[in-house]
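Asks: Could you work out the structure for the sequence below:
(one chain, ligands or ions: 3)
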Amino acid sequence: MTDIDVLSDGAPLDLRLSDDELEAHREHITSFIRDTVDAAGADGAVLGLSGGIDSTLTAFLAVEALGEDGLHGLVMPSVANAEDMMSDAEGVAEMLGIEYDVVEIQPIAEKFFDTFPEAANNRMAAGNVYVRTRGVLNYFVANHENRIVLGTGNRAEAMTGYFTKYGDQAVDCNPIGNLYKQQVRQLAAHVGVPEDLVLQTPSAEMWSGQTDESELGLTYDVLDAILALHVDGPLSMSATVRHLGVSEQQVDRVVELVKRSAHKRSMPPAPTELDL
Ligand SMILES: Nc1ncnc2c1ncn2[C@@H]1O[C@H](COP(=O)(O)OP(=O)(O)OC[C@H]2O[C@@H]([n+]3cccc(C(=O)O)c3)[C@H](O)[C@@H]2O)[C@@H](O)[C@H]1O
Ligand SMILES: Nc1ncnc2c1ncn2[C@@H]1O[C@H](COP(=O)(O)OP(=O)(O)OP(=O)(O)O)[C@@H](O)[C@H]1O
Ligand SMILES: [Mg+2]
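Replies: Numbering: from 1, shown residues only. Ligands and ions are numbered 1, 2, ... in the order given. Take a look at the predicted model:
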């Protein structure tokens with residue numbers, strides 16, 4: 001899947017894709033979006049726009065695949081969202097010429113918070129309410145307009161479970177799901193996403209000041225590299241440590257994130273059938 005030369009002697013890890021490879025990904029993903037919409041018999045797609053790079057790239061590729069009329073964007077601010085992120089999200093919709101709506105989700109979330117005020121003080125529980133509320137709204141519009149819901153999960157997020165179960169993961173497909181985060185940035189630059197958006201600090205914005213890298217305790221460059229070489233790739237712990245110059249603790253942390261999030265990547269299990 002990647003062009004990492006893992007076995008070459010001491011070669012620097014390189015997740016960088018060449019222009020030809022980026023073009024191949026662009027073609028592959030836009031075909032995937034078109035085929036998924038067609039197979040569903042849908043008239044297009046809905047996508048949450050956050051101003052972040054994952055949704056921005058997905059929106060760019062969806063418009064290439066489906067045309068402007070094929071994508072309906074939803075910008076869904078809560079009090080945790082920075083205003084400039086929300087105006088970037090609207091800017092993306094305007095740049096692409098797609099229909100979009102701004103839906104304030106704070107009043108909706110407050111209804112949930114009123115039911116369990118103590119839970120509302122738990123920033124993770126409350127943040128997940130914002131994320132799941134957006135999922136409900138995506139499907140509200142998709143049901144009504146005969147569209148599918150596009151997810152924006154990338155490969156690093158999927159592997160580490162860095163998403164809300166049945167929240168931002170509640171989607172019909174993940175067009176950029178086979179790209180590590182640094183490859184998301186490369187493809188975004190390649191398809192013409194403005195540089196300031198490509199270089200945006202990744203954040204779920206579930207609470208003010210949250211960033212992916214501080215919560216994960218790893219930079220995406222290190223996370224991507226450990227996933228590609230050790231979890232997806234053939235290198236042992238010690239070879240990964242040597243090759244990347246990372247610590248054993250960092251590799252352990254990634255392996256632990258992958259393991260403990262297994263439940264998020266499978267359908268809810270039920271007991272096996274009883275032989276009575
Ligand atoms: N072993 C197990 N088997 C079956 N189910 C298990 C389980 N462990 C937990 N669970 C269930 O899963 C729940 C916890 O999972 P969940 O509700 O997802 O919550 P959780 O994983 O605790 O939190 C979501 C994480 O994803 C991050 N996130 C969310 C959304 C967007 C982004 C972003 O990058 O934009 C990042 C967020 O910052 C946080 O770190 C538990 O309450 C329980 O219901
Ligand atoms: N305020 C919001 N309005 C609309 N959709 C949102 C909002 N916040 C998050 N989302 C949706 O949830 C997805 C997951 O968020 P996530 O932060 O992982 O991606 P991103 O913001 O696009 O990129 P980055 O990871 O770089 O911040 C977004 O891509 C978007 O589809
Ligand atoms: Mg974000």
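Asks: From here on, just use CA atoms for contacts and neighbour counts.
Replies: OK.
Asks: So what touches stretch 264-276?
Replies: By C-alpha atoms under 8 Å, 6 or more residues apart in numbering, the list of residues contacting stretch 264-276 from outside reads 158, 161, 165.
Asks: Residue 106 against residue 80, yeah?
Replies: No: here residue 106 does not reach residue 80: they are 9.2 Å apart, not a contact under C-alpha atoms under 8 Å.
Asks: Now residue 269. Its backbone dihedrals?
Replies: phi -80, psi 160 (degrees, to the nearest 10).
Asks: Quick check, pLDDT for it.
Replies: Note on residue 269: pLDDT of 96.
Asks: Next, find the distance separating it from residue 54.
Replies: 30 Å (C-alpha to C-alpha, to the nearest Å).
Asks: So for these two, which residue has more residues nearby?
Replies: residue 54 (24 against 7; other C-alpha atoms under 10 Å).
Asks: Tell me the secondary structure at residue 101.
Replies: Secondary structure, DSSP: H, G, I helix; E, B strand; the rest coil: residue 101 is strand.
Asks: And for residue 16?
Replies: coil.
Asks: unless I'm mixing things up, it is touching residue 183, no?
Replies: Yes: with contact defined as C-alpha under 8 Å, residue 16 counts as touching residue 183 (6.8 Å).
Asks: What is the longest helix along the chain packed up against?
Replies: Longest helix of the chain, by residue count under DSSP state H: helix 123-145. With contacts taken as 3 or more C-alpha pairs under 8 Å, 6 or more residues apart in numbering; DSSP states H and E, helix 123-145 sits against strand 45-48, helix 106-115, helix 117-120, strand 148-149.
Asks: burial count for the closest residue to ligand 3 within the stretch 51-200 of the chain?
Replies: Ligand 3 sits closest to residue 52 of the stretch 51-200 of the chain, with a gap of 4.6 Å, by C-alpha to the ion. Neighbours of residue 52 under the rule other C-alpha under 10 Å: 22.
Asks: For it, give me its contacts.
Replies: Here residue 52 is in contact with 85, 89, 197, 200, 202-203 (C-alpha under 8 Å, 6+ apart).
Asks: Tell me the pLDDT of it.
Replies: 98.
Asks: Distance check, it against ligand 1.
Replies: 9 Å (C-alpha to the nearest ligand atom, to the nearest Å).
Asks: Also residue 25?
Replies: 22 Å.
Asks: So residue 100 sits against residue 69, correct?
Replies: No: applying C-alpha under 8 Å, one finds residue 100 not in contact with residue 69, separated by 10.6 Å.
Asks: Of the two, give the one with the bigger neighbour count.
Replies: The residue with more neighbours, out of residue 100 and residue 69, is residue 100; 20 against 13, by other C-alpha under 10 Å.
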